[in-house]
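1. Attaching a predicted model along with its sequence, questions to come.
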Amino acid sequence: MSDLESFRLETRDWLEENCPKSMRTPYESDDDICWGGRNAKFTSDEQRLWLQRMASRGWTVPTWPAEYGGGGLDREHAKVLADELSRIHARPALMSFGISMLGPALLKFGTEALRQQHIPPIVRGEIRWAQGYSEPNAGSDLASLQTRADDHGDHYKVNGSKIWTSYGDKGDWMFCLVRTDSEARKHEGISFVLFDMATPGVSTKPILLISGASPFTETFFDDVRVEKDQVVGEVNKGWTVAKYLLTHEREMIGESGVSEAGSASISEIAVRKMGLNNGVLKNTMLRSDIAKLEIDEIALDLTIQRARDEVKAGASLGAQSSMFKYFGTELNMRRYELLMAIGGLDALDWDGGENADGLLPKSWLRTKGNSIEGGTSEIQLNIIAKRILGLPG
Amino acid sequence: MALVLNEEQVMLRDAARDFLTARAPVEHLRSLRDAGNSVGYSSELWAEIVDMGWAAIVVAEEHGGLGYGFAGIGLLLEESGRTLTPTPLLSSSMVAAALITRHGSDDQKATYLPALASGEHLLALAVDEGTQHDPTSCNTVAVEAAGNYSLNGSKVAVVDGGFANTFIVAARKSDESTGLFLVSANATGVKVDTVSHLDTHKAATVLFADVEVSAAAELAMPDGLEFMLDVARIGQAAELLGIAQEVLERTMTYLKDRKQFGVAIGVFQGLAHRAANLYTEIELCKSVVLHALRELDAGTEDIAAIASMAKAKLAETAHLAATEGIQMHGGMGMTDECEIGFFLKRCQIVEALYGDRYFHLDRYAKLSGY
Ligand SMILES: Cc1cc2nc3c(=O)[nH]c(=O)nc-3n(C[C@H](O)[C@H](O)[C@H](O)COP(=O)(O)OP(=O)(O)OC[C@H]3O[C@@H](n4cnc5c(N)ncnc54)[C@H](O)[C@@H]3O)c2cc1C
């Protein structure tokens, strides 16, 4: 038996034994997502157990190096694990910005001490990270950020504010872009720093979204002390780290365009809700949009696979992450527009009614942020035009 | 199987690109048109192509071919999409070779496969009869008489029909099933009328009047029609991919060179964003085509949905590329001199043959149960 095959069988057995039954059902609401953190609220003991068990094998981050607690799997083995997880419809044991954003940047740019300090708690879901990039006057033009970090010998003092900090009120630590040289050109005076959000001087104020949820905050810094050994990469070279992290963030967001394994396809939902007429969906106009969407879902999935195969063969992803971010988010937004159309009058209920507490309309409204967060669609198109197509501008 | 080309495939693609851009660039199609070529392709060029082994790619080694599979012929079609080179590669070297390999009798294989591989014998698909592609409606009939068949009916838009040696004819039998028959172009009662399509490629209307066909000329395995068409559609998708990429590249060159308001027009987001969107769509198309060819090579039984997905997606994207290509070239794009318009014309033909995007979206949805 090949090594991969025996790994598959071993994994299957382990999952059979260790993945609690309730962790093999689809999410009922966003509250079911496990984000970890100091103040993690587990919806059940089984959710906590599932996280602990997966973390003990490093499988919350299967491909990260084992020396920092990761799974140490190569791509083939990680694919087997992913297949086996999706086979039993297992929920992700842990989601976090530490996993999808900070970790890859630390592995590439962090000192050994920083990796030892921060990566194992990410793997175990003990520390929840927040992203301090955007500011009131630095959105798409991120590099014009003004939050200052002044040199005080062995530490910095940070002053200023961030905005749109996702889960800013739940974050334990923040990775943050600060200006360490106000004389330099705008891309060259930025540093990438880490600090505990419990440090005196950090405060947050919630922002209410159109979906009725309040998952992000304004975040204020008043003389916040940041140790100098918490700079990732070189001082004043934080833009390089920031951009690298963004490629991971964008790739991750782009993958949301691929529908979740095991969940009902949009045509199945349409058939169930609207019915067939001689084997054909009753609304034939909607039907053609659904067919286009389903073809694009497969096409995106194949393209993500192809990009991975190319990376394995030596190519680097770089600006291509903008393509996935752009297409994946636009696709997800198309999907929710269709789901709302299919839902019809049921999809209008916000409180009570058949529709589990307005989950669909709330999710639909939330998708409108997909083409904004992580850099807007227009910014991704700018990047593709310049970096890939070589257009001037 | 990884969705990247292996070293051999990269070499084949590069060789094809070198040959086609040197020997048969778009200028070649233009000169066929201007010379009033009535056949629609150059037999000298075909002889060179055959020498390079391209006609033998799909045919198995035991029948005198190279057994190199669909991934290989897909690359050749993609490259001929970039140069709009008219050749019998799709109908003969890809579709007929695949069909006879999978559905032919031993005799048919022995007769046709070596002759296809050597490029001497050309076949053409005679399927459609009306204005819309519709393989379910077949008015050409094959009536059994004394162990043989008698064929009556007419076919339109028969690609390569003007010079093919043999037609693969779809005809309805007395039990209402549709059979495929190999009919010689020289058989008594066959009448061929060549038409020039809007892209200067040639097709034919073919009449069959009491054409005697031996029972041995029927393809041995039934249900070959959909398979044959699906192989053709995947080949067309590869050609459309070449067209889309070529138009994008030419247009990007133009956006960098052409200056208005004192700057290269590629500075304008109104163009740059559309270009970036087109690039993204084409990247998706590359994966879809590669995947479809891989599935053909793997002998996957269920290729219908894969073929319809490929044709629908590629038809839409290549068409977008061609129309955007004209728009971004401004007035220049409307001229016969600028080659961009040739790509739009070719697109329209490839799209309409064997089902356009509407046909394939509909078919995809049906195959998916809705
Ligand atoms: C759900 C959500 C979660 C987020 N989470 C975080 C987070 O955790 N941490 C964080 O730091 N930030 C976060 N953000 C902020 C996000 O990164 C910014 O909103 C985004 O970068 C856009 O900036 P802006 O909102 O200032 O819009 P602007 O930059 O003001 O953009 C307004 C409009 O102008 C367009 N535009 C701007 N510049 C150009 C240009 N050059 N060419 C063409 N069009 C242009 C934009 O595309 C957009 O349509 C989040 C945002 C959302 C919606």
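-> In hand now; what should we look at? Numbering: from 1, shown residues only, chains lettered A, B, ... in the order given.
2. what does stretch B:348-362 rub up against?
-> A:288, A:291-292, A:295, B:127, B:132-133, B:157, B:159, B:197-199, B:201, B:229, B:232-233, B:236, B:239-240, B:243, B:308-309, B:311-312, B:315-316, B:318-319, B:363 (Cβ atoms under 8 Å, 6 or more residues apart in numbering or on different chains). Where C-beta positions appear, they are placed from N, C-alpha and C, glycine not excepted.
3. Generate a ChimeraX selection restricted to the buried subset of those residues.
-> Buried residues among the contacts of stretch B:348-362 (16 or more other Cβ atoms under 10 Å in any protein chain shown), as a ChimeraX selection:
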select /A:288,291,292,295 /B:127,133,157,159,197,199,201,229,232,233,236,239,240,243,308,309,311,312,315,316,318,319,363
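4. Just the ones of the contacts of stretch B:348-362 in strands?
-> B:157, B:159 (DSSP state E).
5. need the contact list for residue 33.
-> I'll assume chain A. Here A:Ile33 is in contact with A:27, A:92, A:95 (Cβ under 8 Å, 6+ apart).
6. that answer is for a different chain, and I need it for chain B
-> B:Thr200.
7. Please report how far it lies from chain A.
-> Distance of B:Arg33 to chain A, given as Cβ to the nearest Cβ, to the nearest Å: 32 Å.
8. Confirm that that residue sits in a helix.
-> Yes - checked against DSSP: H, G, I helix; E, B strand; the rest coil, B:Arg33 lies within a helix.
9. Can you pull the residues of chain B lying near chain A?
-> For chain B, the residues in contact with chain A (Cβ under 8 Å from any Cβ of the partner chain) are B:2-4, B:252, B:255-256, B:263-264, B:266-267, B:269, B:272-273, B:275-277, B:279-280, B:283-288, B:290-291, B:309, B:312-313, B:358, B:361-362, B:364-366, B:368-370.
10. could you pick out which of these are near the ligand?
-> B:Gln269 (Cβ under 6 Å from any ligand atom).
11. are any of the residues of chain B next to chain A buried, and which?
-> B:3-4, B:252, B:255-256, B:264, B:266-267, B:269, B:272-273, B:275-277, B:279-280, B:283-288, B:290-291, B:309, B:312-313, B:361-362, B:364-366, B:368, B:370.
12. What count of nearby residues applies to the closest residue to B:Thr317 other than its chain neighbours?
-> Using Cβ to Cβ, 6 or more residues apart in numbering or on different chains and skipping residues adjacent in sequence, the residue nearest B:Thr317 is B:Glu281, 4.6 Å away. Neighbour count for B:Glu281, taken as other Cβ atoms under 10 Å in any protein chain shown: 22.
13. Please tell me how far B:Glu281 sits from the ligand.
-> Distance from B:Glu281 to the ligand, counting by Cβ to the nearest ligand atom, to the nearest Å: 20 Å.
14. for the record, mean pLDDT for the host helix or strand of that residue?
-> Take DSSP states H and E as the rule and B:Glu281 turns out to sit in helix B:269-297. In this model, helix B:269-297 has a mean pLDDT of 98.
15. And for stretch B:229-237?
-> 98.
16. surely the residue nearest to B:Thr317 meets B:Leu320?
-> Yes - in this structure, B:Glu281 is within contact of B:Leu320 by Cβ atoms under 8 Å, at 6.8 Å.
17. confidence score at B:Ser40?
-> Heads up, residue B:40 is Gly, not Ser. pLDDT, B:Gly40: 87.
18. and it, how many neighbours does it have?
-> The burial count for B:Gly40: 24, using other Cβ under 10 Å.
19. so where does it fall, helix or strand?
-> Assigned by DSSP H and E, B:Gly40 falls within no helix or strand.
20. so it sits right up against B:Pro86, yeah?
-> Yes - if you go by Cβ under 8 Å, B:Gly40 and B:Pro86 touch, sitting 5.8 Å apart.
21. which residues are common contacts for the two?
-> What both B:Gly40 and B:Pro86 touch, as defined by Cβ under 8 Å, 6+ apart, is the set B:32, B:200-202.
22. which one of the residues you listed sits closest to B:Asn165?
-> B:Lys202 (15.5 Å; Cβ to Cβ).
23. you'd agree that closest one is up against B:Leu29?
-> No - judged on Cβ under 8 Å, B:Lys202 makes no contact with B:Leu29 at a distance of 11.7 Å.
24. what does the model give residue 354 for pLDDT?
-> Because you didn't say which chain, this covers chain A. Confidence score, pLDDT, at A:Glu354: 66.
25. wait, I meant chain B there
-> 98.
26. go on, the one 10 residues further on?
-> B:Tyr364 is assigned a pLDDT of 98 by the prediction.
27. same check, this time on A:Leu245
-> 96.
28. A:Ser259 too?
-> The model reports A:Ser259 with a pLDDT of 67.
29. ok so, going back, packing partners of the helix holding B:Glu281?
-> helix A:284-312, helix A:320-343, helix A:377-383, helix B:70-83, helix B:224-257, helix B:304-328 (3 or more Cβ pairs under 8 Å, 6 or more residues apart in numbering or on different chains; DSSP states H and E).
30. Which of the ones you listed sits closest to B:Ser137?
-> B:Ser137 lies closest to helix B:224-257 among the helices and strands packed on helix B:269-297, at 12.0 Å (Cβ to Cβ).
31. tell me which residues of the closest one are tucked away?
-> Neighbour-count burial for helix B:224-257 [16+ other Cβ under 10 Å]: B:224-225, B:227-248, B:250-252, B:254-256.
32. what does stretch A:195-208 give?
-> Per 16+ other Cβ under 10 Å, stretch A:195-208 contains these buried residues: A:195-197, A:199, A:202-204.
33. ok, the residue in the stretch 151-300 of chain B that the ligand sits nearest to - contacts?
-> The ligand sits closest to B:Gln269 of the stretch 151-300 of chain B, with a gap of 5.9 Å, by Cβ to the nearest ligand atom. Applying Cβ under 8 Å, 6+ apart to B:Gln269 gives the contacts A:378, A:381-382, A:393.
34. what about it, distance to A:His187?
-> B:Gln269 sits 21 Å away from A:His187, going by Cβ to Cβ, to the nearest Å.
35. Also A:Ile372?
-> Taking Cβ to Cβ, one finds A:Ile372 at 22 Å from A:His187.
36. For the buried residues of stretch A:195-208, please prepare a markdown table with the additional fields pLDDT and distance to chain B.
-> Converted to a markdown table, the buried residues of stretch A:195-208 look like this (pLDDT from 0 to 100; distance: Cβ to the nearest Cβ, whole Å):
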| residue | pLDDT | distance to chain B |
| --- | --- | --- |
| A:Phe195 | 98 | 37 |
| A:Asp196 | 98 | 40 |
| A:Met197 | 98 | 37 |
| A:Thr199 | 98 | 41 |
| A:Val202 | 98 | 38 |
| A:Ser203 | 98 | 38 |
| A:Thr204 | 97 | 35 |
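37. so which of the residues you listed comes closest to the ligand?
-> For the buried residues of stretch A:195-208, the closest approach to the ligand (Cβ to the nearest ligand atom) belongs to A:Thr204, at 11.8 Å.
38. Confirm that that closest one sits in a strand.
-> Yes - applying three-state DSSP, one finds A:Thr204 inside a strand.
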